[in-house]
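> Structure, please.
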Amino acid sequence: MPDSKSEDLVKRAAALATSTLANALDLAGCHDNVIVHIKAVAPGFTFTGPAMTVKEIAGEHGEFSSEDFRVGAMIDAAQAGDIIVVDCGGTACSTWGGLASLAAKLKGVAGLLVDGGVRDLEEMIAFDFPVFSRHMVPTTGRLRLKIEDFNVPVTIDGVTVSPGDIIRADGTGAVSLPRRQAEEIIGIAEKLARDDAAAEDDLRAGLSFSEAMAKYSGI
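Here you go, the predicted structure:
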């Protein structure tokens with residue numbers, strides 16, 4: 001079970017936009033933690049939680065057995081509140097679909113992020129299970145994909161994600177907060193968010209955008 005400090009960090013990160021967190025990552029010297037090319041499969045999907053990582057390899061159809069395609073094992077390995085983060089090397093076949101989304105939702109998994117493909121969009125929407133992926137594709141990963149390991153460092157769109165790193169995703173995109181620096185990054189982002197709120201008040205009071213930019217460096 002996650003400790004109370006980790007739960008508090010997840011709760012604080014969930015209140016922040018990925019744009020604000022990306023600015024904070026820059027200020028904290030973490031310039032390579034924005035996941036650029038993986039997006040929500042449907043509008044309105046968001047999630048925040050610790051990463052439970054999965055490493056997969058891909059091959060031609062028939063290269064692997066059906067038993068290698070252990071989607072259920074991903075769900076079994078995740079705890080309630082986790083984000084399942086799958087490194088499939090960007091392969092355009094599906095490692096996840098509608099029934100897996102329902103099973104994960106019922107277990108309390110907070111979301112799925114895949115550097116690869118998923119399918120059954122309408123079911124994901126119906127089950128309200130948030131998914132971010134590189135590809136939405138009908139092609140099954142069965143006989144094409146093999147799970148190699150769980151809870152090891154993986155590479156997602158060029159970003160190294162380790163187990164327990166905090167993943168925050170919204171309509172703009174996704175970021176990974178390294179666990180060892182998460183508290184620092186979130187603290188910086190909270191200050192930037194307060195500045196944004198103050199700038200909004202000033203704009204409504206008549207301050208020009210140029211003046212607001214000069215006053216609040218985080219804009």
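
> Tell me the helices and strands packed up against the helix ranked longest in the chain.
Ranked by residue count under DSSP state H, the longest helix found in the chain is helix 182-204. Here helix 182-204 touches helix 4-14, helix 18-27, helix 209-215, going by 3 or more Cβ pairs under 8 Å, 6 or more residues apart in numbering; DSSP states H and E. Any C-beta I mention is one placed from the backbone N, CA and C, and that applies to glycine too.

> As a markdown table, these with distance to Leu192 and mean neighbour count would be great.
A markdown table is the format used below for the helices and strands packed on helix 182-204 (distance: least, Cβ to Cβ, whole Å; neighbours: other Cβ atoms under 10 Å):
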| stretch | distance to Leu192 | mean neighbour count |
| --- | --- | --- |
| helix 4-14 | 13 | 16 |
| helix 18-27 | 5 | 21 |
| helix 209-215 | 13 | 12 |
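
> now the longest strand belonging to the chain: mean pLDDT?
If you go by DSSP state E, the chain has its longest strand at strand 47-58. Averaging pLDDT along strand 47-58 yields 98.

> what does stretch 183-194 give?
The model assigns stretch 183-194 a mean pLDDT of 97.

> contact partners of that stretch?
With contact meaning Cβ atoms under 8 Å, 6 or more residues apart in numbering, stretch 183-194 is reached by 9, 12-13, 15-17, 20-21, 23-25, 27-28, 30, 177-178, 218.

> again, but for stretch 118-133
38-42, 45-47, 94-99, 101-102, 104-105, 109-117, 135-140, 169, 174.

> ok, back up a step: tilt between the longest helix of the chain and helix 4-14?
If you take axes from the mean of the first three to the mean of the last three Cα atoms, to 10 degrees, helix 182-204 sits at 30 degrees to helix 4-14.

> Compute the inter-axis angle for helix 182-204 and helix 18-27.
Here the directions of helix 182-204 and helix 18-27 differ by 120 degrees (the same axes, to 10 degrees).

> now for the helices and strands packed on helix 182-204, which one comes closest to Phe69?
helix 4-14 (30.0 Å; Cβ to Cβ).

> Give me the helices and strands touching the closest one, please.
strand 47-58, strand 166-169, helix 182-204.

> Go through the ones you listed and pick out the most buried.
Highest mean neighbour count among the helices and strands packed on helix 4-14 (mean count of other Cβ atoms under 10 Å): strand 166-169, with a mean of 26.

> partner strands of that one, parallel or antiparallel?
Strand 166-169 has the following strand partners under DSSP bridges: strand 47-58 (antiparallel), strand 174-177 (antiparallel).

> Pipe those into CSV and attach distance to Val154 per row.
Shown next, in CSV, are the strands paired with strand 166-169 (distance: least, Cβ to Cβ, whole Å):
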stretch, distance to Val154
strand 47-58, 5
strand 174-177, 10
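
> and Val34, which of these is closest to it?
Among the strands paired with strand 166-169, the nearest to Val34 by Cβ to Cβ is strand 174-177 (5.4 Å).
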